[in-house]
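Participant: Okay, predicted coordinates and the sequence, questions at the end:
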Amino acid sequence: MKIEQHHIQDANKKALKSHQEHIDFLTNSLTNKGVNVEAVIKKIQDFQVAIPSWALGAGGTRFGRFSFYGEPSSLEQKIQDVGLIHSLTQTAGAVSLHIPWDIPQDYKAVKELASGLNIKFDAVNSNTFQDQKNAQESYKYGSLSNTNEAVRQQAIQHNLDVINIGNQLGSKSLTVWLADGSCFPGQNNFQTALQHTENSLKAIYKGLPSDWSMLIEYKPYEPNFYSTVIQDWGTSFMLANACGEKAFSLVDLGHHLPNSNIEQIVSILMLKGKLGGFHFNDSKYGDDDLTVGSIKPYALFLIFNELVYGMQNNPQNPDLAWMIDASHNVKDPLEDLIQSLEAIQEAYAKALLVDQKALKTAQLENDVVTCQELLQDAYRTDVRPLLAQARLDKGGALSPIQAYRALDVRNQLIKERGKNTVATGL
Ligand SMILES: [Mn+2]
């Protein structure tokens, strides 16, 4: 299924008048405050987020997985799904592949399909947290940190293979997330495990093309419940520094212990020029992989406030790889992703409205009340008309969820693909 322009225009018709009233009112009040509304809309339009290939089917938990009808069962169908989301939102102009779940059979055809839908290939993700079919060695007791050199070598080679696949598609970065760690005290020697990991990452880093970057993700626990080798941003930062200038830390919102100050982590990493990528999701208790902005939208705004500050003031930090890393257990995955994209854009737009100059003055004067007022004034602004205008200008839907339902996308997909298809992945 492909959504045509006239389909979207039809879906937009009913809401056009009320949208115009909203955007006129907002433009007027923001302009009076000295905001360049056109520039904000342009920034929103330029902000593209990668959809991970594993998020297009139903997710699951260790207790079970409930399939969603009409799931994509091939890489081509996954890219088509990203195309559907992108045509409605104009925000999902990239896909992030997971190897070995998404090894292309025909590179040329896959690249043509993606470019026809205006979709780029973002970071490629390796997988050393599962044993692959016919693998010689097992990752049960770790991959890059394993005590056995043959296992480490297999994991290094897998990452090099992933780079090779990504290179043929036009990707420019490799994301490494390790499940390595231990479940019980005494199981691992912390120092040996970290040293092995550093050496393995350096070996992968050596195979990185000159215009690539390596993104090192961290996580405090799960699937190992006593210790994780790369447990926090400090460890990731240390490893990225040990590898070299093309290695960076990657922050995943769900990979922190409760109440961590993630906006401060983001800020410090950008100051040091070492924030390479960002994974969006939301959570209540742990790595819950819920829809972005569904639980803690103010925290997301504060994080974006630091990201925007960093993008404007830290030329030492590279452009970031943005990706949604969520799992969809009870919602239609495509609707869930559309909601996440809207929440990301909303937090970004609000952060763009923060009066940075006034904030700096208030900080210098230690005017704590004004500092808070400035942040909350931006946060309390209803920026949804700006997002709608950004989409409308690019041919997207005023309301992507409403258009998705009006166009009956899921039922069309079920008709095309059958009811009980299952997406590859977890
Ligand atoms: Mn992640």
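Facilitator: Great, that's in hand.

Participant: Could you report the neighbour count for the closest residue to the ion within the stretch 51-200 of the chain?
Facilitator: In the stretch 51-200 of the chain, the residue that lies nearest the ion is Trp177 (5.9 Å; Cβ to the ion). (Each C-beta comes from the backbone N, C-alpha and C, glycine too.) By other Cβ atoms under 10 Å, the residues close to Trp177 number 21.

Participant: In contact with it, which residues?
Facilitator: Residues in contact with Trp177, defined by Cβ atoms under 8 Å, 6 or more residues apart in numbering, are 125, 129, 217, 219, 250, 252.

Participant: Look at it and report its pLDDT.
Facilitator: On pLDDT, Trp177 comes in at 98.

Participant: what does the one 5 residues further on give?
Facilitator: Looking at Ser182, its pLDDT reads 98.

Participant: Tell me the residues on the stretch 301-426 of the chain that lie near the ion, please.
Facilitator: When proximity is defined by Cβ under 5 Å from the ion, the stretch 301-426 of the chain lies next to the ion at Asp325.

Participant: can you give me the helices for the stretch 301-426 of the chain?
Facilitator: Here the stretch 301-426 of the chain has its helices, by DSSP state H, counting those that start in this stretch, at 333-352, 356-364, 368-379, 384-393, 400-406, 409-417.

Participant: Could you tell me the angle between the first one and helix 368-379?
Facilitator: If I follow you right, that is helix 333-352. Comparing the axes of helix 333-352 and helix 368-379 via axes from the mean of the first three to the mean of the last three Cα atoms, to 10 degrees yields an angle of 140 degrees.

Participant: Let me know the angle separating helix 333-352 from helix 384-393.
Facilitator: Going by the same axes, to 10 degrees, helix 333-352 makes 120 degrees with helix 384-393.

Participant: just the angle between helix 333-352 and helix 409-417, please?
Facilitator: Using the same axes, to 10 degrees, helix 333-352 lies at 140 degrees relative to helix 409-417.

Participant: Pull the distance from the helix or strand that contains Leu194 to the chain's centre.
Facilitator: Using DSSP states H and E, Leu194 maps to helix 190-206. Relative to its parent chain, helix 190-206 has a centroid offset of 25 Å by Cα atoms, centre = their mean, to the nearest Å.

Participant: ok, and of the contacts of Trp177, which contact the ion?
Facilitator: Residues of those in contact with the ion (Cβ under 5 Å from the ion): Asp252.

Participant: Can you add neighbour count, secondary structure and pLDDT and give the contacts of Trp177 back as a markdown table?
Facilitator: Converted to a markdown table, those look like this (neighbours: other Cβ atoms under 10 Å; DSSP: H, G, I helix; E, B strand; the rest coil; pLDDT from 0 to 100):
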| residue | neighbour count | secondary structure | pLDDT |
| --- | --- | --- | --- |
| Asn125 | 25 | strand | 98 |
| Phe129 | 14 | coil | 96 |
| Glu217 | 20 | strand | 98 |
| Lys219 | 23 | coil | 98 |
| Leu250 | 28 | strand | 98 |
| Asp252 | 21 | strand | 98 |
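
Participant: and which of the contacts of Trp177 is nearest Ile23?
Facilitator: Asp252 (33.9 Å; Cβ to Cβ).

Participant: Return the most buried member of the helices of the stretch 301-426 of the chain.
Facilitator: helix 333-352 (a mean of 24; mean count of other Cβ atoms under 10 Å).

Participant: Quick one: mean pLDDT over it.
Facilitator: Mean per-residue pLDDT for helix 333-352: 98.

Participant: Go through the helices of the stretch 301-426 of the chain and name the closest to Ser73.
Facilitator: Go through those one by one with Cβ to Cβ and the one that ends up closest to Ser73 is helix 409-417, at 6.7 Å.

Participant: Residues contacting the closest one, please?
Facilitator: Helix 409-417 is touched from outside by 1, 3, 69-73, 77, 81, 84, 332, 334, with contacts defined as Cβ under 8 Å, 6+ apart.

Participant: Rounded mean pLDDT for that helix, please.
Facilitator: Mean per-residue pLDDT for helix 409-417: 96.

Participant: What is the burial count for whatever residue of the stretch 301-426 of the chain ends up closest to the ion?
Facilitator: Using Cβ to the ion, the single residue of the stretch 301-426 of the chain nearest to the ion is Asp325, 3.7 Å away. For Asp325, the neighbour count with other Cβ under 10 Å is 26.

Participant: Run through the bridge partners of the spatially closest residue to it that is not a sequence neighbour.
Facilitator: Nearest non-adjacent residue to Asp325, counting by Cβ to Cβ, 6 or more residues apart in numbering: His279, 3.7 Å away. His279 has the following beta-bridge partners by DSSP bridges: Asp252, Met323.

Participant: contacting residues for His279?
Facilitator: Residues near His279 by Cβ under 8 Å, 6+ apart: 217, 250-255, 323-325.
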